[in-house]
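Q: Have a look at this prediction, sequence included:
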Amino acid sequence: MSRTRWGAAILAGALSIGLSVAVSPAQAHDYGSGVRTVGYYTQWSIYDRNIPIKYLVDNGSAAKLTHLNYAFSFLDEQGKCVSSDAWADYQRPFPAEQAVNGKADEAGQALMGNLNQIKQLKAKFPKLRAYISIGGWTGSKYFSNAALTPQSRAAHVKSCIDMWLKGDLPGAPAGAAKGVFDGVDLDWEWPSTDGAPGNVVRPEDKQNFTKLLFEYRLQLLKLGFADRKIYDLTAFLPANRGALDRGYEVDTIFKLLTFATVQGYDYHGTWEQITNQQSAIRAPEGDPTSPQDSSEIVVDAYLERGAPRSKIVLGVPYYGRGWTGVTNQNNGLFQQSTGPAPATYEPGADDYRVLKNLVGQNGFKLYRDAKAGHAWLFNGTTFWTFDDPTEIKRKAQFIRDRRLGGAMIWSLDGDTPEGELSKALASGLRR
């Protein structure tokens, strides 16, 4: 029997006995919802934001997560996994006050950096599953190369498993990061569709993405047999229906994925001149865009294409999008602007923990469309669309009412020291 036919037979059998299963209620930590709460922690959070993983413990977010995605691993030109910042990933020594276990890293220890902090976090929360997230907006340039041929797919998957799951990090002792990650999250943005400038894009990416998932399943199954555990496979998928149809064989890939996180934000942003919502549940009245975007529209698109609702994990933003030079009409909504609003880290985008402090300051007033499910700030010239605890809870209730597979957070460093958004999300998901 050929390797492909053998693999297909083994994979079919594994899937039939529950390789790709929903999270159990016991994995839902402290609020008993039985749905997934997936949070992205970004590699760069330790720099300008100065938010180590311990922040997630201190503000209560970590206790409410079922899954943690660590973003991102990049790919080299041959499509093999590489660290995009070895210092942040596994070399940076953390002082005691920033360490999850309260102990400073010591010179010469096998593993340091964010990966060691994830390891400590999992020791504190044993039911938490952690995935290495590969790609992202700036790291998807060579995914098409990785997926192109049977040989490139096998080499890509092996390199990622060796580095992130077997834990063989360059310059570190063999297996130094073994046990940190329980699976792989693929963030290819986007197959057969332009993403960041310079990305390699091919028409055959759509079929090759499915084949890449199949190769991951084969190699993860083999590793799982050796380690006597199940390794998960997830993917981040777009809200844009054009990108969805050009890049994904939806009914097939969901059979190969443990679940998928679906983009539930960036419906609008400063790449457009007209202000709008970035993450509304339903299309607001008066929205001038066509086609319209909302979480309801996106979820329905996935269901219509064969995705099982139990595997759709809807993304929620812990940040907002902003415009300035906005016409002072309709409380700033659906108005012309002159460009992105000034912000802390990049023009036109800022964390919720920053935006919440604008309320009542410099003329900013809070507005809300309860029917559509979105909120915004406006002071006569600057407009911010964002989710506060009220809207996050409303969105969680939508996820619960639609019987979806859970919520995904981009990204955990946007929440307040009190964990206001994560508390609201947990409250809304509670049955």
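A: Arrived safely, thanks for sending.

Q: max-length helix in this structure?
A: helix 205-227 (DSSP state H).

Q: Let me know the next secondary structure element after that helix.
A: strand 232-237 (DSSP states H and E).

Q: Count the neighbours of the closest residue to Asn101 other than its chain neighbours for me.
A: Of all residues not flanking Asn101 in the chain, Gln120 sits nearest, at 4.7 Å (C-beta to C-beta, 6 or more residues apart in numbering). Every residue, glycine included, has its C-beta placed from N, CA and C. When neighbours are defined as other C-beta atoms under 10 Å, Gln120 has 19 of them.

Q: how close does Gln120 get to Asp105?
A: Note on Gln120: its distance to Asp105, by C-beta to C-beta, to the nearest Å, is 10 Å.

Q: Please enumerate the shared neighbours of these two.
A: Ala99 (C-beta atoms under 8 Å, 6 or more residues apart in numbering).

Q: can you give me the helices for the stretch 251-400 of the chain?
A: For the stretch 251-400 of the chain, the helices defined by DSSP state H, counting those that start in this stretch cover 295-304, 352-355, 389-401.

Q: where does the protein dip in pLDDT?
A: In the predicted model of the chain, residues 1-34 satisfy pLDDT under 70.

Q: Need the nearest residue in space to Val354, chain neighbours excluded.
A: Nearest to Val354 is Thr344, by C-beta to C-beta, 6+ apart, at 5.4 Å.

Q: related to what we said a few turns ago, list the buried residues for the helix or strand hosting the residue nearest to Asn101?
A: Using DSSP H and E, Gln120 sits within helix 113-124. Using 16 or more other C-beta atoms under 10 Å as the test for burial, helix 113-124 gives 113-122.

Q: One more: stretch 70-87?
A: For stretch 70-87, using 16+ other C-beta under 10 Å, the buried residues are 70-75, 79-85.

Q: what's the answer for stretch 44-63, then?
A: Buried-residue list, stretch 44-63, by 16+ other C-beta under 10 Å: 44-46, 49, 51-57, 59-63.

Q: now that stretch: how far from the chain's centre is it?
A: Relative to the centre of its chain, stretch 44-63 is centred 16 Å away, using C-alpha atoms, centre = their mean, to the nearest Å.

Q: who's in contact with it?
A: In contact with stretch 44-63 (C-beta under 8 Å, 6+ apart) are residues 29-30, 39, 41, 65, 68, 85, 88, 92, 94, 98-100, 114, 117-118, 120-121, 124-125, 128, 345, 351, 411-413, 415-419, 422-423.

Q: Show me what stretch 94-102 is in contact with.
A: Contacts to stretch 94-102, defined as C-beta under 8 Å, 6+ apart, come from residues 52-54, 57, 103-105, 112-113, 116-117, 120-121, 123-124.

Q: quick one: buried residues of stretch 285-304?
A: So, applying 16+ other C-beta under 10 Å, buried residues of stretch 285-304: 287, 293-299, 301-302.

Q: got the contact list for Lys80?
A: By C-beta under 8 Å, 6+ apart, the neighbours of Lys80 are 146, 155-156, 159-160.

Q: partners of the longest strand seen in the chain, with directions?
A: Longest strand of the chain, by residue count under DSSP state E: strand 67-75. Strand partners for strand 67-75, identified by DSSP bridges, are recorded as strand 36-42 (parallel), strand 81-83 (antiparallel), strand 129-135 (parallel).

Q: Export these to JSON lines and append columns for distance to Lys141.
A: What follows is the strands paired with strand 67-75, written out as JSON lines (distance: least, C-beta to C-beta, whole Å):
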{"stretch": "strand 36-42", "distance to Lys141": "18"}
{"stretch": "strand 81-83", "distance to Lys141": "12"}
{"stretch": "strand 129-135", "distance to Lys141": "9"}
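
Q: Tell me who's in contact with Glu106.
A: Glu106 touches Pro93, counting by C-beta under 8 Å, 6+ apart.

Q: Repeat that for the one 4 residues further on.
A: By C-beta under 8 Å, 6+ apart, the contact list for Ala110 reads 172-173, 176.

Q: And Ala280, by the same measure?
A: 267, 294-295, 369, 372-374.

Q: please redo it, this time with the cut-off set to 10 Å
A: Applying C-beta atoms under 10 Å, 6 or more residues apart in numbering, we find Ala280 in contact with 264-265, 267-268, 287, 292-297, 369, 371-375, 385, 387, 391, 395.

Q: Quick check: phi and psi on Leu186?
A: Here is the backbone geometry of Leu186 (degrees, to the nearest 10): phi -90, psi 120.

Q: May I ask you to confirm that it is in contact with Ser133?
A: Yes - using C-beta atoms under 10 Å, Leu186 is in contact with Ser133, at 7.9 Å.

Q: Mutual contacts of the two, please.
A: 234-236.

Q: of all those, which comes closest to Asn199?
A: Phe236 (15.1 Å; C-beta to C-beta).

Q: so how many other residues sit close to that closest one?
A: Phe236 - counted by other C-beta under 10 Å - has 26 other residues nearby.

Q: now it, which residues is it bridged with?
A: Thr261.

Q: Would you confirm that it contacts Trp410?
A: Yes - taking C-beta under 10 Å as the definition, Phe236 is a contact partner of Trp410 at 9.0 Å.

Q: Which neighbours do those two have in common?
A: Residues touching both Phe236 and Trp410 by C-beta under 10 Å, 6+ apart: 38, 40, 69, 71, 261, 263, 315.

Q: follow-up on the earlier one: among the contacts of Lys80, which one is most surrounded by other residues?
A: Busiest of the contacts of Lys80 [other C-beta under 10 Å] is Ala146, holding 30 neighbours.

Q: so which helix or strand takes in the closest residue in space to that one that isn't next to it in sequence?
A: Closest residue to Ala146 apart from its sequence neighbours, by C-beta to C-beta, 6+ apart: Gly79 at 2.8 Å. For Gly79, there is no helix or strand it lies in under DSSP H and E.

Q: Likewise for Pro170?
A: Pro170 belongs to no helix or strand, assigned by DSSP H and E.

Q: where's it relative to Ala426, distance?
A: Counting by C-beta to C-beta, the gap from Pro170 to Ala426 is 38 Å.

Q: which of those two has more neighbours?
A: Ala426 (26 against 9).

Q: Taking strand 36-42 as reference, get the angle to whichever strand or helix holds the more buried one.
A: Using DSSP H and E, Ala426 maps to helix 420-429. Here helix 420-429 runs at an angle of 160 degrees relative to strand 36-42 (axes from the mean of the first three to the mean of the last three C-alpha atoms, to 10 degrees).
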